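> okay, structure incoming, though there's no sequence with it:
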């Protein structure tokens with residue numbers, strides 16, 4: 001094996017041996033978390049805006065006096 005190949009293998013072996021106490025999510029983990037937080041914030045803001053436009057009025061109940069709408073029609 002040549003000296004450069006041996007040196008390359010040495011670097012790969014040291015990369016493969018990770019210390020479990022030093023593993024962190026890093027910059028990519030922070031970016032993913034920040035994007036998800038912004039998406040949730042945007043969805044909540046949109047939901048609040050849409051819920052503000054909804055009118056919660058109940059429909060009038062049909063008459064209980066037994067009018068023509070209350071009787072079933074028989075053929």
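Thanks, I have it. Predicted model, so just to flag it, every value in this text is computed and none were measured.
> now for the chain: which helix has the highest residue count?
Scanning the chain for the longest helix, with DSSP state H as the assignment, gives helix 26-53.
> quick one: mean pLDDT for it?
Averaging pLDDT along helix 26-53 gives 96.
> buried set for that helix?
Buried residues in helix 26-53, counted by 16 or more other CB atoms under 10 Å: none are found. Every residue, glycine included, has its C-beta placed from N, CA and C.
> and residue 22, what helix or strand is that in?
Under the criterion DSSP states H and E, no helix or strand holds residue 22.
> roughly how far apart are it and residue 30?
17 Å (CB to CB, to the nearest Å).
> likewise residue 59?
Plainly put, residue 59 is 50 Å away from residue 30 if you go by CB to CB.
> what of residue 17?
Distance, residue 17 to residue 30, using CB to CB: 25 Å.
> what is the neighbour count of residue 4?
By other CB atoms under 10 Å, 8 other residues sit near residue 4.
> contacting residues around residue 25?
Taking CB atoms under 8 Å, 6 or more residues apart in numbering, we find residue 25 in contact with residue 33.
> again, 10 Å this time
Neighbour list for residue 25: 31-33 [criterion: CB atoms under 10 Å, 6 or more residues apart in numbering].
> residue 58: what secondary structure?
Secondary structure assignment for residue 58 (DSSP: H, G, I helix; E, B strand; the rest coil): coil.
> and what of the one 3 residues further on?
The three-state assignment at residue 61 reads coil, by three-state DSSP.
> okay if I get the contacts of residue 25 as a markdown table plus distance to residue 53?
Shown next, in a markdown table, are these (distance: CB to CB, whole Å):
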| residue | distance to residue 53 |
| --- | --- |
| 31 | 34 |
| 32 | 32 |
| 33 | 31 |
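> and which of the residues you listed is nearest residue 49?
The nearest member of these to residue 49, counting by CB to CB, is residue 33 at 24.9 Å.
> find the nearest non-adjacent residue to that closest one, please.
residue 25 (7.9 Å; CB to CB, 6 or more residues apart in numbering).
> and that neighbour, how close does it get to residue 51?
Separation of residue 25 from residue 51 (CB to CB) stands at 34 Å.
> I am finished for the moment; much appreciated.
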